[in-house]
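J.: Build the 3D model from these lines:
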Amino acid sequence: MISELFINKLKANQAPSGAFLSKVHLVEGPISDENGFVTALILRELALFSDPALTEIKEKALDFLESCEDPKLKGAFLFYPHDKHPQWMCLTQPLPADADDTSLYNLELYKAGRKSLKDLQNVVKTTLIPSMLHIIPVRCLFWVRPGTFKTWLDANYYPNIVDICVNVNVLSILKTAQLSTITGYKETIEMVKLGIEWAIHHKERVHLLMPYYPDPMELKYALEHCLLSGVKELEPLYNTTCGHNWSNYDKLEKWPVNRPICSSADNQIVWTCSTLQWLRQEVHILKKHTNN
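T.: As a prediction, this is how the structure comes out:
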């Protein structure tokens, strides 16, 4: 049984829309934000808690994820519901559906029974595979490989960057969809290994691997989830990564609740979520007690 305090804290940080509240940090300062990405990450952490008292909270969050589906591309998902992009974004190019959100949301909906295995397979084949990188751009770093996945599903969106953390999340859906023999799986494994091995001793290089993730701890969390999804090929790499300070500073005695979760590619717009960090701390405590 989880405590009433735990339940109340989650409810207090869940908007009427079902989204879990986060903050987006703009030039003008931070403002409250409701997006599917943070909501999916919180649902991912809540998977370890099966208490019936969480059912309503989870269902509302799943409803919100479903509202983020791209009406123009079945199975593809957006950072925000298509008709609810925030006002501050109205002066910029609206965000199209992307491989990261599409992978994360579909996995949570699948685990909750709202998507079938066939649904996942269709998503991979109709939304992710068409966004695959076939020709390496001239100025890419050496670890970028054909057969890996660009971030944005809109072929006309520019720049369309290959982000290693995004690709780790894509690996999770490929494995869960039982498509590990499909073109793209082996190529993405190879790229992730090459990139992390190049960057592992240099924290500043990690940022070059994943421009949409300003803090390298997010790569560690993505790798953990990837292993739980069955991508065992990355286990030796994950174990090596855990030995480095840049991937090992979420500590119980000093948990960074305002650590960035994601950002624009130029890091000018950053999202944080104290609820997600608090929940990760609770998961850490739960795992520690379970292991003891």
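
J.: Surely Ile173 touches Glu108?
T.: No - if you go by C-beta atoms under 8 Å, Ile173 and Glu108 don't touch, sitting 10.6 Å apart. For the C-beta atoms, the positions are set from N, CA and C on the backbone; glycine is no exception.

J.: so where is the stretch 1-150 of the chain shaky, pLDDT-wise?
T.: Residue ranges of the stretch 1-150 of the chain with pLDDT under 70: 90-93.

J.: Which parts of it are helices?
T.: Counting by DSSP state H, counting those that start in this stretch, the segments of the stretch 1-150 of the chain that form helices are 4-12, 36-46, 55-67, 99-111, 117-123.

J.: Quick one, which of those helices gets closest to Pro211.
T.: Nearest of the helices of the stretch 1-150 of the chain to Pro211, taken as C-beta to C-beta: helix 99-111 at 11.9 Å.

J.: so the closest one versus helix 55-67, what angle?
T.: Between helix 99-111 and helix 55-67, the angle comes out at 140 degrees (axes from the mean of the first three to the mean of the last three C-alpha atoms, to 10 degrees).

J.: Okay, buried residues for helix 99-111 please.
T.: Using 16 or more other C-beta atoms under 10 Å as the test for burial, helix 99-111 gives 99-110.

J.: Can I get the helices of the stretch 1-150 of the chain in TSV including distance to Gln281?
T.: Conversion of the helices of the stretch 1-150 of the chain to TSV gives the following (distance: least, C-beta to C-beta, whole Å):
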stretch	distance to Gln281
helix 4-12	12
helix 36-46	10
helix 55-67	18
helix 99-111	21
helix 117-123	30
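
J.: looking at those helices, which is closest to Pro86?
T.: From the helices of the stretch 1-150 of the chain, taking C-beta to C-beta, the stretch that ends up closest is helix 36-46, at 12.8 Å.

J.: between that closest one and helix 4-12, how big is the angle?
T.: 160 degrees.

J.: Can you give the contact residues for the lengthiest helix in the chain?
T.: Across the chain, the longest stretch assigned as helix under DSSP state H is helix 274-291. Residues from elsewhere that reach helix 274-291 (C-beta atoms under 8 Å, 6 or more residues apart in numbering): 6, 9-10, 13, 20-22, 38, 41-42, 45-46, 48-49, 221, 250, 252, 255-259, 261.
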